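Enquirer: predicted model and sequence follow; I will ask about them next.
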Amino acid sequence: MTDPHPRPADPRPLSPYRAGWIHFTNVAPILDSLVLPPGVTAITGVPTQMNEALLSGAVDIANISAVEFIRHADTLSALPDFSVSVLGPVYSVNLFHTCALSELKRVALTSQSAMSVALLEVLLREWGVSPTLERAEGEAEALLAQGFDGVLRIGDSALREWYGVVGPFTEATIVPEIPQSGRGITVTDLAEEWFRVTGRPFVFAVWAYRKATPPPAALLDAMRAARRHGIGHLAEVSERHARKLGLPADVVQHYLWNFRYHLEDADRLALNEFADRAVPGHAPLEFGVR
Ligand SMILES: C=C(O[C@@H]1C=C(C(=O)O)C=C[C@H]1O)C(=O)O
């Protein structure tokens, strides 16, 4: 008997399917308890490595710097319900500086980041300055002592350095008033600056895949289950990572509950606004499989 409701052929490849994860603490609520379905493998690395892995075809899906998704919107699609976004401060994308923002002359950039560098470029225009930008690795404090007047840092090391400069404090201090300086260094949180300028969230990462290789449904189910579990057990996730980072657990828990992991309408509007400012003429952003 012929099927009266034939299903369209599923274009998703069966296996192997390769994923690339940026595994900073801020994605721990999604990735720590992720159990990959059979046939899916994963590698990990910093944002610029995972951007490159996705674009070169070394992996099929990755949580990449959102600006790379924007720059390659013709070939990439993003999951419609996953993101690493914040509304206001992020605490781990920081410009450490020793002069006023309007006086910046020489800024060190981390080679780990694409998104934060693009955000800094947008903000430098807002601040009306055009310092020289150089790639340089190392601790912010050491680079500032070497003649840079600004240092951009991201991820776990930026979170640790931020707390080293502005801490120690308790959860009661964080929400009403975040300290902004210490040890002769000011810390400008780039996501908070973006919020001041636009009133919008900031999307640092999306889960992008090459349009030719959409993820199998089993991987998406596993990712959603892992996120549900991680957000539901945030205190345990925070304690585990606080030990690794050498930070107080309540500070790490605040850091984590501050993220928006679902790419809602406000985040999409923000992503499009950023795209128009940072990558004029970009192809329309496409959000693909559910
Ligand atoms: C918020 C962060 O977001 C990350 C920053 C990225 C970048 O700067 O390119 C890329 C992916 C994000 O997960 C962070 O690393 O602190």
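Expert: Ah, there it is.
Enquirer: switch to C-alpha atoms for all contacts and neighbour counts from now on
Expert: Noted.
Enquirer: the longest helix in the protein is where?
Expert: Looking across the chain with DSSP state H, the single longest helix is helix 217-232.
Enquirer: then that one to PDB, C-alphas only?
Expert: Extracted C-alpha coordinates of helix 217-232, given in PDB (Å, rounded to 0.1, in the frame of the first residue of the first chain):
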ATOM      1  CA  ALA A 217      17.600  16.200  15.100                       C
ATOM      2  CA  ALA A 218      19.100  13.900  17.700                       C
ATOM      3  CA  LEU A 219      21.900  16.500  18.300                       C
ATOM      4  CA  LEU A 220      19.500  19.300  18.800                       C
ATOM      5  CA  ASP A 221      17.400  17.200  21.200                       C
ATOM      6  CA  ALA A 222      20.600  16.400  23.100                       C
ATOM      7  CA  MET A 223      21.600  20.100  23.200                       C
ATOM      8  CA  ARG A 224      18.200  21.200  24.500                       C
ATOM      9  CA  ALA A 225      18.200  18.500  27.200                       C
ATOM     10  CA  ALA A 226      21.700  19.500  28.200                       C
ATOM     11  CA  ARG A 227      20.700  23.200  28.500                       C
ATOM     12  CA  ARG A 228      17.600  22.300  30.500                       C
ATOM     13  CA  HIS A 229      19.700  20.300  32.900                       C
ATOM     14  CA  GLY A 230      22.500  22.900  33.100                       C
ATOM     15  CA  ILE A 231      20.200  25.800  33.800                       C
ATOM     16  CA  GLY A 232      18.300  23.600  36.300                       C
END
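Enquirer: any residues of the chain in contact with the ligand? List them.
Expert: Taking CA under 6 Å from any ligand atom, the part of the chain that reaches the ligand is made up of 47, 64-65, 84, 92-93, 113-116, 154-155, 204-205.
Enquirer: which one among the residues you listed gets closest to K244?
Expert: G155 (13.6 Å; CA to CA).
Enquirer: quick check: phi and psi on that closest one?
Expert: phi 80, psi -160 (degrees, to the nearest 10).
Enquirer: residue contacts, it?
Expert: Residues near G155 by CA atoms under 8 Å, 6 or more residues apart in numbering: 24-26, 92-93.
Enquirer: which of those has the most neighbours?
Expert: V93 (29 neighbours; other CA atoms under 10 Å).
Enquirer: excluding chain neighbours, what is closest to that residue?
Expert: I154 (4.5 Å; CA to CA, 6 or more residues apart in numbering).
Enquirer: I'd say that neighbour and N94 touch.
Expert: Yes - between I154 and N94 there is a contact under CA atoms under 8 Å: 6.5 Å.
Enquirer: next, W21: secondary structure please.
Expert: strand (DSSP: H, G, I helix; E, B strand; the rest coil).
Enquirer: which neighbouring elements make contact with the longest helix of the chain?
Expert: Under the contact definition 3 or more CA pairs under 8 Å, 6 or more residues apart in numbering; DSSP states H and E, helix 217-232 sits against helix 28-31.
Enquirer: tell me which residues in the helix it packs on are buried?
Expert: Along helix 28-31, these residues count as buried under the neighbour rule (16 or more other CA atoms under 10 Å): 28-31.
Enquirer: which of the three states applies to P80?
Expert: Taking three-state DSSP, the label given to P80 is strand.
Enquirer: under a three-state scheme, what state does N63 occupy?
Expert: Once three-state DSSP is applied, N63 turns out strand.
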